[in-house]
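Trainee: curious how this folds, go ahead:
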Amino acid sequence: MSSMFWIEGRKAPAEVENLIKHEIDGKEPLDMKFGCDGCKVMSMGLWLGVVAPLEPVEDWKSLDEFWVFYMSQHSKPSTRRLHFVGTLVSIIFFIISALFNWWLLIFVPLSGYGFAWYSHFFVEGNIPATFGHPFWSLLCDYKMFGLMLTGNMDKEIKRLGKRPVF
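Mentor: Numbers count the residues shown, from 1 in each chain. The predicted structure is shown next:
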């Protein structure tokens, strides 16, 4: 079993990995504080080929608090676009399955999560927030979809203090 280490949703630097890698081999994954004013270094287990957090990095008190984190995990326009496509395709599959054949419902999560997870692993280079907070992530995904659909995403990025990239 191989392990990777993540700090605040991003892959940890090699020196952090080297410091704690020996603690993981053959033992339970490690959750420890590491000199960045309380940020947690989490070990991430490889389970069925999907990198999944063993516990959430933060405990958010409200959806608004989680939204700020969610948007930090979707900093690249390509990530947001792939989420948009995945959400749109999943909505289309839901409508088609309701009208024609309920067995097509299987494609709703496959298409939605497929596009989103691809964007996190190969575009953004982080772990999907769905693994730690599935319900809040789904709500935020629909919020992001709505903002993109109405053309208000750039305004939201500016409100959060991020610079939009076109």
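
Trainee: go through the protein and flag its longest helix.
Mentor: Selection of the longest helix in the chain by residue count, based on DSSP state H, yields helix 77-99.

Trainee: now do the helix or strand following it: which elements does it pack against?
Mentor: The helix or strand immediately downstream of helix 77-99 is helix 107-118, counting by DSSP states H and E. Using 3 or more C-beta pairs under 8 Å, 6 or more residues apart in numbering; DSSP states H and E, the elements in contact with helix 107-118 are helix 77-99. C-beta: built from backbone N, CA, C; applies to glycine.

Trainee: which positions within the longest helix of the chain qualify as buried?
Mentor: 79-80, 82-90, 93-94, 97 (16 or more other C-beta atoms under 10 Å).

Trainee: which of those lies closest to Gly151?
Mentor: Phe84 (12.1 Å; C-beta to C-beta).

Trainee: quick one: contacts for the closest one?
Mentor: Met144, Phe145, Met148, Leu149 (C-beta atoms under 8 Å, 6 or more residues apart in numbering).

Trainee: would you mind measuring from the last one to Phe121?
Mentor: In this case it means Leu149. Going from Leu149 to Phe121 by C-beta to C-beta, to the nearest Å gives 25 Å.

Trainee: now the third one
Mentor: Relative to Phe121, Met148 is positioned 21 Å away (C-beta to C-beta).

Trainee: higher neighbour count, those two?
Mentor: Met148 (18 against 14; other C-beta atoms under 10 Å).

Trainee: now name the helix or strand holding that one.
Mentor: helix 134-149.

Trainee: and that helix, what does it pack onto?
Mentor: Helix 134-149 packs on helix 63-72, helix 77-99, helix 153-159, going by 3+ C-beta pairs under 8 Å, 6+ apart.

Trainee: out of the ones you listed, which comes closest to Pro134?
Mentor: helix 63-72 (11.7 Å).

Trainee: so for that closest one, mean pLDDT?
Mentor: Averaging pLDDT along helix 63-72 gives 89.
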